[in-house]
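**Student:** okay, structure incoming, though there's no sequence with it:
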């Protein structure tokens with residue numbers, strides 16, 4: 001038996017070299033790779049795109065859409081689209097979602113072009129403003145017409161912003177009708193999570209959480225793993241139910257197992273009851289010190305309270321940058337949360353007393369992307 005183990009270890013090293021070579025080849029080979037697009041709509045959505053671009057997301061394309069040219073000029077993305085140029089003169093939607101939607105409709109031909117052949121589309125925006133609230137549903141609708149899986153990740157206004165809350169509710173309903181799943185991140189929970197941070201830094205926490213979640217699922221699909229997960233796995237899990245959530249957790253070596261599971265399940269800005277979930281996709285990333293038993297232990301702990309007949313798919317990747325730590329990313333379907341909405345769920349009230357309180361391969365062609373000036377349709 002010992003000789004078999006020794007031979008297996010030798011072969012493992014050969015396989016590692018082969019996987020590394022395959023990664024190099026994959027950079028030049030697009031066939032068989034899903035097209036993942038991340039679209040940021042309006043100010044908050046653009047800020048998330050900017051952070052994602054700086055983080056780097058392997059195998060995904062970032063697109064920033066805005067009616068405000070001044071803000072768009074400050075954003076880094078693979079593509080930047082100024083919509084409604086003749087309508088708003090590049091000065092923004094003035095907080096009116098109808099103008100934002102009309103600007104997106106005027107740019108429909110351009111949006112259809114940049115979203116063509118997309119397999120998975122993330123749409124991120126801040127609900128309650130003009131551009132994000134108005135353009136996000138149009139982007140989701142176009143992506144869905146192209147048979148993409150569409151995931152909305154939006155933030156809702158603070159409770160004190162009563163007028164914006166009503167706009168957010170209407171925009172959210174429109175987004176839900178087009179997307180497969182919408183995650184609503186609660187700005188009000190920032191008050192509990194980071195109450196003493198300056199406003200700009202507090203909102204950067206929201207951007208970071210959204211960015212890490214999007215980056216996690218994108219790279220799970222596009223990067224080769226020890227126990228591989230692919231786009232088909234994600235599509236299978238997302239098809240298990242209309243309501244899903246993506247969770248990310250990380251822990252150091254001495255805190256593996258239960259700690260990384262708790263970190264994933266206790267999302268600071270999302271209230272989720274994961275017990276009884278009907279589907280779960282788990283991906284674990286660790287350093288060369290991650291053992292098979294540790295990976296299996298993490299997957300088992302994360303799925304312990306799921307439905308007994310839940311469809312569970314899990315995988316693992318070894319990354320030398322994760323020496324001494326481990327990260328878990330999970331997609332769960334069939335969960336309960338007032339903040340996670342499927343296309344067939346009941347209407348949700350974003351009023352002041354609601355649980356959903358008012359409330360967010362990279363191209364290296366250049367650092368700032370190029371603004372596409374949209375010619376209105378007649």
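**Tutor:** Looks like it arrived, so ask away. Here the structure is a predicted model, which is why all the values come from computation and not from measurement. Numbers count the residues shown, from 1 in each chain.

**Student:** so where's the protein uncertain?
**Tutor:** Low-confidence segments of the chain (pLDDT under 70): 1-32, 239-243, 253-257, 268, 344-378.

**Student:** just the strands from it, written as ranges.
**Tutor:** Along the chain, counting by DSSP state E, strands occupy 36-41, 60-66, 79-82, 120-126, 149-156, 181-186, 244-252, 279-286, 311-318, 325-333, 340-341, 371-373.

**Student:** please identify the deepest-packed of these.
**Tutor:** Stretch with highest mean neighbour count among the strands of the chain: strand 36-41 (a mean of 30; mean count of other CB atoms under 10 Å). Where you see a C-beta, it was placed from the backbone N, CA and C, and this is true even at glycine.

**Student:** direction included, what does that strand pair against?
**Tutor:** For strand 36-41, the paired strands and their directions (DSSP bridges) are strand 60-66 (parallel), strand 120-126 (parallel).

**Student:** next one: it to chain centre, how far?
**Tutor:** Here strand 36-41 is found 9 Å from its chain centre; the criterion is CA atoms, centre = their mean, to the nearest Å.

**Student:** pull the residues that contact that strand.
**Tutor:** 45-50, 52, 57, 59-66, 75, 77, 114-115, 118-125, 131-132, 135-136, 139, 143, 148, 214, 218, 221-222 (CB atoms under 8 Å, 6 or more residues apart in numbering).

**Student:** okay, the angle between that strand and strand 149-156?
**Tutor:** For strand 36-41 and strand 149-156, the angle between their directions (axes from the mean of the first three to the mean of the last three CA atoms, to 10 degrees) works out to 30 degrees.

**Student:** show me what residue 316 bridges to in the sheet.
**Tutor:** Here residue 316, judged by DSSP bridges, has bridge partners residue 227, residue 284.

**Student:** hang on, isn't it packed against residue 228?
**Tutor:** No. If you go by CB atoms under 8 Å, residue 316 and residue 228 don't touch, sitting 9.1 Å apart.

**Student:** of all the strands of the chain, which lies closest to residue 292?
**Tutor:** Nearest to residue 292, of all the strands of the chain, is strand 311-318, at 8.0 Å by CB to CB.

**Student:** how far does that closest one sit from its chain's centre?
**Tutor:** The chain centroid and the centroid of strand 311-318 are separated by 18 Å, computed with CA atoms, centre = their mean.

**Student:** ranges for the helices of the stretch 251-378 of the chain?
**Tutor:** Taking DSSP state H, counting those that start in this stretch to define them, one finds helices in the stretch 251-378 of the chain at 258-265, 292-302.

**Student:** TSV for the ones you listed, including mean neighbour count and distance to residue 200?
**Tutor:** Below are those laid out as TSV (neighbours: other CB atoms under 10 Å; distance: least, CB to CB, whole Å):
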stretch	mean neighbour count	distance to residue 200
helix 258-265	19	25
helix 292-302	18	34
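
**Student:** circling back to that earlier point, now distance to residue 236 too, for the strands paired with strand 36-41, in CSV please.
**Tutor:** Putting those into CSV (distance: least, CB to CB, whole Å) gives the following:
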stretch, distance to residue 236
strand 60-66, 20
strand 120-126, 13
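
**Student:** quick check: domain ranges of this structure?
**Tutor:** Structural domains of the chain, as assigned by automatic domain parsing, span the residue ranges 36-217+339-373, 244-333.
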